[in-house]
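*Asks:* Sequence first, then the predicted structure:
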Amino acid sequence: RRSWAEPYKIKMVEPVKMTTRKDREKAISEAGYNTFLLRSGDVYIDLLTDSGTSAMSDRQWAGMMLGDEAYAGSRNYYNLEDAVRQFYGYKYLVPTHQGRAAEHLISKIMISDGDVIPGNMYFTTTRLHQELAGGTFADVIIDEAHDPENEHPFKGNVDLQKLEDLIKKHGPDRMPYVSIATAVNMAGGQPISLENLQQVRELTAEYDIPIIHDMTRVAENAYFIKKKEPGYADKSVAAIVRQICDLTDGATMSAKKDALVNIGGFLAVNDREVFEEARNLVVVYEGLHTYGGLAGRDMEAMALGIEESVQEDHIRARIGQVQYLGDKLIGWGIPVVRPIGSHGVFLDARKILPHLSQDQFPAQTLAAELYLDAGVRAMERGVVSAGRNTETGEHNYPDLELVRLTIPRRVYTQAHMDVVAESVAEVFANREKISGLNMIYEPKYLRFFQARFERA
Ligand SMILES: Cc1ncc(COP(=O)(O)O)c(/C=N/[C@@H](Cc2ccccc2)C(=O)O)c1O
């Protein structure tokens with residue numbers, strides 16, 4: 001098997017610098033042992049997130065020069081509308097500044113006090129907007145998704161029995177929609193199969209319950225279907241993306257991921273009334289309905305990014321780079337979520353630091369130690385991210401206590417992946433010496449963004 005390389009060449013570079021251990025000790029303690037609070041200038045390889053951190057193509061940069069900054073009816077809006085219709089198939093588009101803005105709108109429109117919204121594992125902003133609208137999230141993902149070592153190829157699948165029991169328990173009238181995420185972020189970037197999505201569609205259709213699709217990483221999910229689901233090997237990623245979307249009634253999109261832009265998102269629906277209400281609400285919270293908080297140039301870059309996101313060479317290289325890092329760590333016996341997901345490699349902090357209880361924040365600790373070793377920035381995806389139970393006020397204690405090494409699209413080379421792998425191995429070799437953290441500042445909402453810690 002011959003080696004293969006990225007399907008692009010680099011035209012512009014942004015120099016990054018190595019820091020010293022001393023610099024990093026100072027930086028991480030000033031950041032309260034929270035990688036979100038580090039300055040990017042103090043970070044060598046930034047794997048905090050794949051959100052908004054991808055490299056745009058020369059065509060997208062050219063698109064930035066074609067911004068029609070008319071207040072109303074910008075040409076770029078119509079180009080974006082065409083791209084959403086062509087590649088995703090949804091009828092009506094409401095642009096927003098990013099994904100959580102679309103989540104805010106659809107939650108406000110479709111959720112009433114006391115409603116239950118089933119979903120395949122929670123996502124932080126999605127669940128918060130459901131709660132702010134008076135709803136309660138209910139997890140219907142298969143049990144395997146909560147087991148980091150289980151090799152189920154489609155851990156994003158819905159447990160149909162759990163879903164049906166919920167519908168029977170609460171009644172369809174208390175269920176405004178089922179929330180389906182593709183390439184489930186908190187499970188480790190784990191795909192849902194088309195077979196399972198079709199079964200969810202059949203079940204919800206019986207009760208006339210719509211499906212709202214969090215399509216933030218839909219192209220990555222489509223790639224896994226092409227590679228792993230019987231019958232799809234000869235289908236294009238673009239065709240599989242359409243097939244996924246056509247099984248849903250609407251979508252929220254953070255275009256900062258798959259669609260390769262630094263800012264942008266949208267709400268797209270097929271129902272005219274939901275569209276009318278969303279178009280009316282967007283002018284309250286985001287901006288006119290033809291720009292939704294974005295500049296014309298941003299919408300142009302997004303339209304082009306959507307087209308590029310489903311190109312076979314691009315998505316194969318993107319997923320290939322994540323697999324490369326994951327396989328390297330697995331080869332060195334480092335506990336990671338398996339199978340390797342779509343947008344990052346998730347370290348199993350519970351297994352790496354078994355001597356730390358979740359009250360000592362193992363994933364938060366591991367992310368800080370990784371940064372200290374060589375300046376690699378990762379993200380806590382464990383008890384801090386899980387937040388507190390709205391009833392009891394206690395921490396939610398998730399089975400998955402993870403540190404996410406999230407790979408931006410078209411930014412880092414294989415050499416960077418090697419440096420990251422060696423840094424993880426170094427921290428892993430010294431894991432017994434790692435002690436835990438105490439939380440000393442806890443914000444009310446989405447605490448993981450701004451919480452501060454000190455060494456226990
Ligand atoms: C599956 C899914 N659905 C919606 C959104 C919101 O989209 P947006 O408002 O950010 O554009 C996101 C954003 N995910 C980013 C950024 C992030 C957000 C909250 C906590 C930590 C990190 C990440 O995973 O790094 C997502 O992954």
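*Replies:* That came through, no problem.

*Asks:* Spell out which residues of the stretch 251-400 of the chain are next to the ligand.
*Replies:* With C-beta under 6 Å from any ligand atom as the criterion, the stretch 251-400 of the chain meets the ligand at residues S254, K256, G265. C-beta: built from backbone N, CA, C; applies to glycine.

*Asks:* Smallest gap between this protein and the ligand, at which residue?
*Replies:* Per C-beta to the nearest ligand atom, G99 is where the chain lies closest to the ligand, at 2.5 Å.

*Asks:* could you list every residue that touches the residue lying closest to that residue once chain neighbours are set aside?
*Replies:* Using C-beta to C-beta, 6 or more residues apart in numbering and skipping the chain neighbours, the partner closest in space to G99 is S254 (2.7 Å). Counting by C-beta atoms under 8 Å, 6 or more residues apart in numbering, S254 makes contact with S51, Q98, G99, R100, A102, T216, G265.

*Asks:* Now G189. Its backbone dihedrals?
*Replies:* Phi and psi for G189, reported as degrees, to the nearest 10, are phi 70, psi 50.

*Asks:* residue contacts, it?
*Replies:* Contacts for G189 (C-beta under 8 Å, 6+ apart) come out as A183, R217, E220, V322, G341, S342, H343, G344, F346.

*Asks:* so of those, which ones are in helices?
*Replies:* In helices, judged by DSSP state H, the following of the contacts of G189 are found: E220, V322.

*Asks:* For the stretch 1-150 of the chain, what lies in contact range of the ligand?
*Replies:* Residues of the stretch 1-150 of the chain lying close to the ligand (C-beta under 6 Å from any ligand atom) are T49, S51, Q98, G99, R100, F123, T124, T125, T126.

*Asks:* Who wins on neighbours among those residues?
*Replies:* When neighbours are counted by other C-beta atoms under 10 Å, T126 leads these with 27 neighbours.

*Asks:* quick one, phi/psi of the residue nearest to that one when sequence neighbours are not counted?
*Replies:* The shortest distance from T126 to any non-neighbouring residue, by C-beta to C-beta, 6+ apart, is to E103 (5.3 Å). The phi/psi pair for E103 (degrees, to the nearest 10) reads phi -70, psi -40.

*Asks:* Tell me the bridge partners for the residue nearest to G99.
*Replies:* On the basis of DSSP bridges, S254 is bridged to G265.

*Asks:* spatially speaking, which residue is in the middle of the protein?
*Replies:* Central residue of the chain (C-alpha atoms, centre = their mean): N185, 4.6 Å from the mean position.

*Asks:* Which parts of the stretch 151-300 of the chain are helices?
*Replies:* 160-170, 194-206, 218-228, 237-245, 272-285, 296-309 (DSSP state H, counting those that start in this stretch).

*Asks:* Select, out of those helices, the one closest to V403.
*Replies:* Among the helices of the stretch 151-300 of the chain, helix 218-228 comes nearest to V403, with 19.8 Å by C-beta to C-beta.

*Asks:* any idea which element K351 lies in?
*Replies:* Taking DSSP states H and E as the criterion, K351 maps to helix 349-352.

*Asks:* The residue nearest to the centre of the chain and T406: what is the separation?
*Replies:* Noted for N185: a distance of 9 Å to T406, by C-beta to C-beta, to the nearest Å.

*Asks:* Would you mind putting the residues of the stretch 251-400 of the chain next to the ligand into JSON lines with pLDDT alongside?
*Replies:* Listed next are those as JSON lines, based on pLDDT from 0 to 100:
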{"residue": "S254", "pLDDT": "98"}
{"residue": "K256", "pLDDT": "98"}
{"residue": "G265", "pLDDT": "98"}
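
*Asks:* Now distance to Q190 too, for the residues you listed, in a markdown table please.
*Replies:* As requested, these are exported to a markdown table (distance: C-beta to C-beta, whole Å):
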| residue | distance to Q190 |
| --- | --- |
| S254 | 17 |
| K256 | 20 |
| G265 | 22 |
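
*Asks:* circling back: tell me, what's touching N185 and T406 both at once?
*Replies:* Common contact partners of N185 and T406 (C-beta under 8 Å, 6+ apart): H343.

*Asks:* thinking again about what came up before, how about the helix holding K351 as PDB, C-alpha atoms only?
*Replies:* Taking Å, rounded to 0.1, in the frame of the first residue of the first chain, the C-alpha atoms of helix 349-352 are listed here in PDB:
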ATOM      1  CA  ALA A 349      -8.800  10.300  31.500                       C
ATOM      2  CA  ARG A 350     -10.600   7.900  33.900                       C
ATOM      3  CA  LYS A 351      -8.400   5.000  32.800                       C
ATOM      4  CA  ILE A 352      -5.200   7.200  32.500                       C
END
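
*Asks:* What are the contacting residues of it?
*Replies:* Residues from elsewhere that reach helix 349-352, judged by C-beta under 8 Å, 6+ apart: 148, 334-335, 358, 362-363, 365-366, 382, 401-403, 428, 431.

*Asks:* try it again with 6 Å
*Replies:* P335, P362, A363, L366, E401, V403, R431 (C-beta atoms under 6 Å, 6 or more residues apart in numbering).

*Asks:* Could I get the average pLDDT for it?
*Replies:* On average, the pLDDT along helix 349-352 is 98.

*Asks:* Figure out how far the helix or strand that that helix is followed by is from the centre of its chain.
*Replies:* Following helix 349-352 in sequence order, the next helix or strand is helix 362-374 (DSSP H and E). Taking C-alpha atoms, centre = their mean, to the nearest Å, one finds the center of helix 362-374 at 21 Å from the center of the full chain.
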